[in-house]
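In: After the sequence you'll find the predicted model.
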Amino acid sequence: MPYLVCEKCREYYRIEDWETPDEYLDRCECGGKLHFYDYIPLNKVYKCLRCGFEGRMGSSDQGWLFCPQCQFKYFLKDECPICGFKDKLLKQEYPNLFGTAYKCPNCGNKFGILYKKSKSNLDYSFLIRNVGQLIIMLVLALLIIFNVKV
């Protein structure tokens, strides 16, 4: 989602899909000049866990961070469970098989959150078991219909 960001007060204006930046004025209400970004630029420096880029990352108004180099998305966590470092930690948007990886800038430890079994996972396994039983019943019915002796 693109944004116009004021260089003076850091206020941002989200540009919707049907709008263009030309529809907005060049100046903010405070008098500062507006600049076009694909994201909201932040003043704090972060290090990207994917490509190693170290610098200012952009943010959406929903709390996601974007690496300007590789366009990878992160969101922020408040505390490292290993050393207790209290700051903003980067978390991957798309978790891998074992959970979501974090890296603490203080102790360097990588850690993750394992998936919890959800109701949808239980429903899915129940469906697989029922489909398996249905296939067995169909095979037995076909054997009876075609008079195949086992």
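Out: Yep, it's here.

In: what's the neighbour count on Leu4?
Out: 19 (other Cβ atoms under 10 Å). All C-beta spots, glycine's among them, are computed from the backbone N, C-alpha and C.

In: Low-confidence ranges, the chain, go.
Out: 1, 10, 21, 38-45, 49, 55-66, 73-129, 150 (pLDDT under 70).

In: same thing but at 50, please
Out: 61, 92-100, 112-123 (pLDDT under 50).

In: For Cys28, give its distance to Tyr12.
Out: 9 Å (Cβ to Cβ, to the nearest Å).

In: Equivalent analysis for Leu140, please.
Out: In terms of Cβ to Cβ, Leu140 sits 65 Å off from Tyr12.

In: go on, Phe36?
Out: Distance from Phe36 to Tyr12, by Cβ to Cβ: 11 Å.

In: where do the contact lists of those two overlap?
Out: The contact sets of Phe36 and Tyr12 overlap at Tyr3, Leu4 (Cβ atoms under 8 Å, 6 or more residues apart in numbering).

In: Comparing those two, which residue is more hemmed in?
Out: Tyr12 (20 against 11).

In: mind checking the SS state of His35?
Out: Under DSSP: H, G, I helix; E, B strand; the rest coil, the three-state class of His35 is strand.

In: Look up the closest residue to it, ignoring the ones flanking it.
Out: Val5 (5.5 Å; Cβ to Cβ, 6 or more residues apart in numbering).

In: what about the one you found, helix or strand, and which?
Out: Per DSSP states H and E, Val5 falls inside strand 3-6.

In: Quick check: neighbours of the helix or strand just after that strand in the sheet, parallel or antiparallel?
Out: Where DSSP H and E defines the elements, the next helix or strand beyond strand 3-6 is strand 12-14. Take DSSP bridges as the rule and strand 12-14 pairs in its sheet with strand 3-6 (antiparallel).
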